[in-house]
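# return atomic coordinates for the entry below.
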Amino acid sequence: MTDASQVDAKVDQKLKEAYFTASQGQLIWTRFKKQKAAMVGAWVLVILILSGLFAPFLTPYDPTIAGRDKEYLNGAPQIPKFWDENGFSARPFVYTTTRERSIKTNFRWITKTDRDARRYVVFFPKGDKYKLFGMKFDRHLFGADVGYIHLFGTDSTGKDIFSRTFYAINTSMAVGTIGVLIAFVMALLIGGISGYFGGWIDSVLQMITDTVRTVPAIPLFMALAAFIPDTWSAEERFFFISIILGFIGWPTLARRVRTHLLTERNQEYVLAAQLCGASAPHIIRKHLLPSFTSYIIVDLVISFPYMVLSETALSFIGLGLKDPVNSLGVMLQNVTSADVLLNYQWYFIPVIFFIILVLAFVFVGDGLRDAADPYADTKK
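All right, here's what the predicted structure looks like:
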């Protein structure tokens, strides 16, 4: 055997040893990295999450202030340029706009662009004060040296759509996170007790689970919306919607936990723990649930887009969050009129981000589901 073949044999041996000694998480990550769509979705998801978390710094203005730019209501996106008919500029710029009435438009307000007056883009300017991780800042990533800059345009009240979009991503993700965490705790608690004890306890808990699953979400929220006081603040409404989404989103995961525990509770390692005097909560927490960890993580990731979709749908029909809270559902309320479709197409830019966010979650969830399957390699 030549030296090269011996080296290859040693490398193969080390790879086999690494495979058989790898933890469950390492095996899942190895299989997950082989799926290109899932990796692309993961990177997109990371970028969107970070964009939402750092939205106060990445965006130039506070999105809750209406009428900030009275000279640019329902304004089109302003794309920075480096050159035009007036020559080249080393700094990106946008044009200055003014609003005036015209006889040609029956004295309706129109926006007029002055191509000779440039507004230059500046980086790290001082602006609105904001809190980030408990600390106060006033620096933003970019802005304009004079006036305002609106990369995604403005709405009918002069709010910056770019700023609103990034804040909306953060809000929708926060609602989804709270809802998923509540659903996760309830699913583990109810599914664990039901699957471990069985008998009449299982029957009662499954009746409760089936009852929650059969409750239609939209009529439920319509009834709850009628009881929400108008005096509630945006934060109170935010937490209320998050909690309700969590309380109606746990049955599916609870069913899966129950099914797994029903098949595992009679295994030898569970009987050994019982003989050693371990309590039921200890056995469920330390022995049964860890054997199901990968599937629980996958289920949580897959549940995220459904929580975001639920929040968006409820806010879209007016039963969820409302202004001044910025969420993707609240912003989608502005695209329902024919006037927006015909004249203000930039209102649909948040829709693009919403679709990308949901698709990223779907790709990552599918990738994790395949990676967590121990028989995935044998099915190919």
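# for Ala90, helix, strand, or coil?
strand (DSSP: H, G, I helix; E, B strand; the rest coil).
# what about it, how many neighbours?
Counted with other CB atoms under 10 Å, residues neighbouring Ala90 total 6. From N, CA and C alone the C-beta is placed, and that goes for glycine too.
# repeat that for Tyr167.
Tyr167, neighbours per other CB under 10 Å, totals 23.
# does it touch Phe57 like I think?
No - if you go by CB atoms under 8 Å, Tyr167 and Phe57 don't touch, sitting 11.7 Å apart.
# identify the residues contacting the nearest residue to Leu261 once chain neighbours are set aside.
In this structure, Leu261 finds its nearest non-sequential neighbour in Gly195, 2.8 Å apart by CB to CB, 6 or more residues apart in numbering. Residues in contact with Gly195, defined by CB atoms under 8 Å, 6 or more residues apart in numbering, are Asp202, Val257, Arg258, Thr259, His260, Leu261, Leu262, Arg265, Leu288.
# in helices, which of those residues fall?
Using DSSP state H, the members of the contacts of Gly195 that fall in helices are Asp202, Val257, Arg258, Thr259, His260, Leu261, Leu262.
# quick one: residues contacting the fifth one.
The one in question is His260. Gly195, Leu288, Ser291, Phe292, Tyr295.
# who wins on neighbours among those residues?
Compared across these, Gly195 has the highest neighbour count, 25 neighbours, by other CB under 10 Å.
# where does that residue land on pLDDT?
If you check Gly195, the pLDDT there is 87.
# confirm it sits in a strand?
No - the assignment for Gly195, made by three-state DSSP, is helix rather than a strand.
# go ahead and confirm Ile110 touches Glu100.
Yes - with contact defined as CB under 8 Å, Ile110 counts as touching Glu100 (6.5 Å).
# all helices for the stretch 251-380 of the chain, in order.
Using DSSP state H, counting those that start in this stretch, the helices of the stretch 251-380 of the chain run over residues 251-264, 268-275, 280-283, 293-316, 328-332, 338-343, 349-371.
# quick one, strands of the stretch 151-300 of the chain?
Here the stretch 151-300 of the chain has no strands by DSSP state E, counting those that start in this stretch.
# low-scoring stretches of the stretch 51-200 of the chain, by residue?
Low-confidence regions of the stretch 51-200 of the chain, defined here as pLDDT under 70, cover residues 66-67, 101-109.
# which stretches of the stretch 1-150 of the chain form strands?
Remark: strands assigned in the stretch 1-150 of the chain by DSSP E, counting those that start in this stretch are 81-84, 87-101, 109-123, 126-132, 135-139, 142-144.
# beta-bridge partners for Lys112, please?
Thr98 (DSSP bridges).
# from Asp370, how far off is it?
Distance from Lys112 to Asp370, counting by CB to CB, to the nearest Å: 56 Å.
# next: Gly191.
The value you get for Gly191 to Asp370, if CB to CB is used, is 23 Å.
# who has more neighbours out of these two?
Taking other CB under 10 Å, Gly191 and Asp370 do not tie; Gly191 has more neighbours (30 against 17).
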